[in-house]
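Asks: model the following, please.
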Amino acid sequence: MSANQAETLKKLSNAHRRIWFLPYPAPTWDATGFVGNWLDRYCDKVQEQRVASFRLDLYLTPQAFLPTMQPLNVVLGDDIHLLGYRLEGDDGDLVFAPGETVHLTLYWQTPVPIHQDYTVFTHLLDPTGWLRGQQDNPPVYATYPTGQWAVDEIIVDKYDIALEIGAPPGKYALELGMYDPATVERLPIRGEDGTDLGDRVLLSSAIEVQ
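Replies: Next up, the predicted model:
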């Protein structure tokens with residue numbers, strides 16, 4: 001059943017730029033939540049709204065979200081490609097008050113199977129480099145470990161990073177990457193041309209806190 005559902009969802013995703021999804025748990029339809037999980041992994045949820053007692057979720061398919069992401073094209077470890085990202089706040093801009101949430105979407109891909117599970121780290125750093133917010137977990141809300149990724153699929157991976165209360169004003173940076181949860185050793189990162197980028201991707205001065 002799941003294989004048939006996945007094939008149907010792939011066809012829908014290839015044929016359309018947007019998919020509206022009505023989550024409705026029922027014993028006779030998608031009782032395991034397969035459809036919602038599939039959409040969370042491979043499409044970009046950009047809107048959620050209520051209609052009466054129901055919830056409607058709007059997802060962008062790859063043909064819609066790939067042209068609008070901020071490209072990065074860096075490689076973590078041997079073969080984990082970070083294609084790009086999208087960054088926004090609750091009202092769509094990048095100016096925040098302490099206690100507000102930074103919404104980050106990462107877009108991953110690998111050309112070969114990955115034989116280990118890694119944890120993603122996302123850290124908000126104030127102008128002095130002090131950590132003021134973070135979210136670390138395996139990809140896709142800890143539901144899709146890297147060791148399960150299929151070759152060449154594009155994975156959509158979201159993070160909601162809360163700024164701590166009392167965070168000082170200024171230009172903030174966001175650092176991200178992956179590490180081995182057993183050793184906490186970060187994966188090395190390089191550019192597509194092989195340039196050594198250390199062990200983190202740094203989005204400098206991307207966020208303003210007032």
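Asks: the closest residue in space to Gly147 that isn't next to it in sequence: what secondary structure?
Replies: In space, and not counting its chain neighbours, Gly147 is closest to Asp117: 4.6 Å by Cβ to Cβ, 6 or more residues apart in numbering. For the C-beta atoms, the positions are set from N, CA and C on the backbone; glycine is no exception. Counting by DSSP: H, G, I helix; E, B strand; the rest coil, the backbone at Asp117 sits in coil.
Asks: identify the bridge partners of the residue nearest to the spatial centre of the chain.
Replies: In the chain, the C-alpha nearest the mean C-alpha coordinate belongs to Asp157, at 2.2 Å (Cα atoms, centre = their mean). In this entry, Asp157 is beta-bridged to Leu106, by DSSP bridges.
Asks: contacting residues for it?
Replies: If a contact means Cβ atoms under 8 Å, 6 or more residues apart in numbering, then Asp157 has Thr105, Leu106, Tyr107, Trp108, Val120, Pro139, Val140 as its contacts.
Asks: now the residue at the greatest distance from the centre of the chain: how far from Ala3?
Replies: Within the chain, the residue lying farthest from the chain centre (Cα atoms, centre = their mean) is Thr28, at 30.8 Å. From Thr28 over to Ala3 the distance is 19 Å, taken as Cβ to Cβ, to the nearest Å.
Asks: next: Trp108.
Replies: For Trp108, the distance to Ala3 - Cβ to Cβ - is 23 Å.
Asks: hey, where'd the strands end up in the protein?
Replies: Secondary structure of the chain (DSSP state E): strands at 18-21, 44-51, 54-60, 70-76, 80-88, 95-96, 101-109, 119-125, 131-137, 155-162, 170-179, 189-191, 201-209.
Asks: helices or strands next to the shortest one in the packing?
Replies: So that's strand 95-96. strand 201-209 (3 or more Cβ pairs under 8 Å, 6 or more residues apart in numbering; DSSP states H and E).
Asks: what's the answer for the first one, then?
Replies: Judged by 3+ Cβ pairs under 8 Å, 6+ apart, strand 18-21 is in contact with helix 34-42, strand 54-60.
Asks: same for the longest one, what does it pack against?
Replies: It stands for helix 34-42. Using 3+ Cβ pairs under 8 Å, 6+ apart: helix 34-42 touches helix 2-15, strand 18-21, strand 54-60, helix 139-142, strand 155-162.
Asks: out of the helices and strands packed on strand 18-21, flag the one nearest Arg190.
Replies: With respect to Arg190, and counting by Cβ to Cβ, the nearest of the helices and strands packed on strand 18-21 is helix 34-42 at 25.6 Å.
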